[in-house]
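>>> I would like the atomic coordinates for the input below:
(2 chains)
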Amino acid sequence: DAKTTQPPSMDCAEGRAANLPCNHSTISGNEYVYWYRQIHSQGPQYIIHGLKNNETNEMASLIITEDRKSSTLILPHATLRDTAVYYCIVRGPPGGTSYGKLTFGQGTILTVHP
Amino acid sequence: NAGVTQTPKFRILKIGQSMTLQCAQDMNHNYMYWYRQDPGMGLKLIYYSVGAGITDKGEVPNGYNVSRSTTEDFPLRLELAAPSQTSVYFCASSYSKGGSSYNSPLHFGNGTRLTVT
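Predicted coordinates:
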């Protein structure tokens, strides 16, 4: 699975958009970009994923560059409850040697300030 | 649906003791995974299973064993506990459709916090 690079920490003011970047320059054509977050050492929570098109759901938006070498997770109106570690993960398809597993890096610690 | 349920939530073991961490899911997911997370670190894959009766090693399998006799349950066995196994253990599950590229997101349990002293 392709590796990802994320900044170790970011700050954001409450009510503003939080934009979390991720580099995945070695991503393969059939690999997806997934985002998870982890709050207070709870189990990781799924946020969003995409292949090459931009995606939006009730939690966030995912912007993937045209060359797919980087992406940005956008939390449109950050709240204090969004303070967490955010993981960007490149995930292979089911089958083969990856079996759809997630390989976690260090993630980005996002702190939302009042 | 309860999702992924892990028991116990907390456990303290003495060195050399054994225990089984339980994991159950009620989503009819075929894939299941065990991860461990050491303080300040990301999650590392211990074992995974792609269906009942099929298991395989992940990145850090030493000191652990698994079995998958049913679709719902995926217990993790620690034999001869060591201080290096002090960690938080997460179980996860997902659904993958054979013969296609469909892969649902992984759903995680809330973890078992294990201390070995």
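
>>> which parts of chain A sit against chain B?
Contact residues (CB under 8 Å from any CB of the partner chain) of chain A with chain B: A:30, A:32, A:34, A:41-46, A:49, A:87, A:91, A:93-95, A:99-107. Heads up, the C-betas are built off the backbone N, CA and C, glycines and all.

>>> let's see that with 10 Å instead.
Where chain A comes near chain B, counting by CB under 10 Å from any CB of the partner chain, the residues are A:30, A:32, A:34-36, A:38, A:41-49, A:51, A:85, A:87, A:89, A:91-95, A:97-107.

>>> need the three-state assignment for the closest residue to B:S87 other than its chain neighbours.
Leaving aside its sequence neighbours, B:S87 sits nearest to B:R36 (CB to CB, 6 or more residues apart in numbering or on different chains; 4.4 Å). At B:R36 the chain is in strand, as set by DSSP: H, G, I helix; E, B strand; the rest coil.

>>> from what I see, B:R36 and B:L114 are in contact.
Yes - when contacts are counted by CB atoms under 10 Å, B:R36 is listed as touching B:L114 (8.8 Å).

>>> more neighbours, those two?
B:R36 (23 against 20; other CB atoms under 10 Å in any protein chain shown).

>>> just the ones of the residues of chain A next to chain B in helices?
Nothing among these maps onto helices, per DSSP state H.

>>> just the buried subset of those, please.
The neighbour-count test (16 or more other CB atoms under 10 Å in any protein chain shown) marks A:32, A:34-36, A:38, A:43-44, A:46-49, A:85, A:87, A:89, A:91-94, A:98-105, A:107 as buried among the residues of chain A next to chain B.

>>> pull the CA atoms of stretch B:68-86 into PDB?
In PDB, the C-alpha atoms belonging to stretch B:68-86 read as follows (Å, rounded to 0.1, in the frame of the first residue of the first chain):
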ATOM      1  CA  ARG B  68     -12.300 -17.500  13.200                       C
ATOM      2  CA  SER B  69     -14.800 -20.300  13.600                       C
ATOM      3  CA  THR B  70     -17.800 -18.100  12.900                       C
ATOM      4  CA  THR B  71     -18.500 -15.000  10.800                       C
ATOM      5  CA  GLU B  72     -19.400 -13.000  13.900                       C
ATOM      6  CA  ASP B  73     -16.500 -13.700  16.200                       C
ATOM      7  CA  PHE B  74     -12.700 -13.100  16.000                       C
ATOM      8  CA  PRO B  75     -11.000 -13.700  19.300                       C
ATOM      9  CA  LEU B  76      -7.400 -12.700  19.900                       C
ATOM     10  CA  ARG B  77      -5.300 -15.000  22.200                       C
ATOM     11  CA  LEU B  78      -2.300 -13.800  24.200                       C
ATOM     12  CA  GLU B  79       0.000 -16.500  25.400                       C
ATOM     13  CA  LEU B  80       2.700 -15.800  28.000                       C
ATOM     14  CA  ALA B  81       1.900 -12.100  28.400                       C
ATOM     15  CA  ALA B  82       4.900  -9.700  28.300                       C
ATOM     16  CA  PRO B  83       5.300  -6.000  29.200                       C
ATOM     17  CA  SER B  84       5.800  -5.200  25.500                       C
ATOM     18  CA  GLN B  85       2.200  -6.300  25.000                       C
ATOM     19  CA  THR B  86       0.900  -3.400  27.100                       C
END
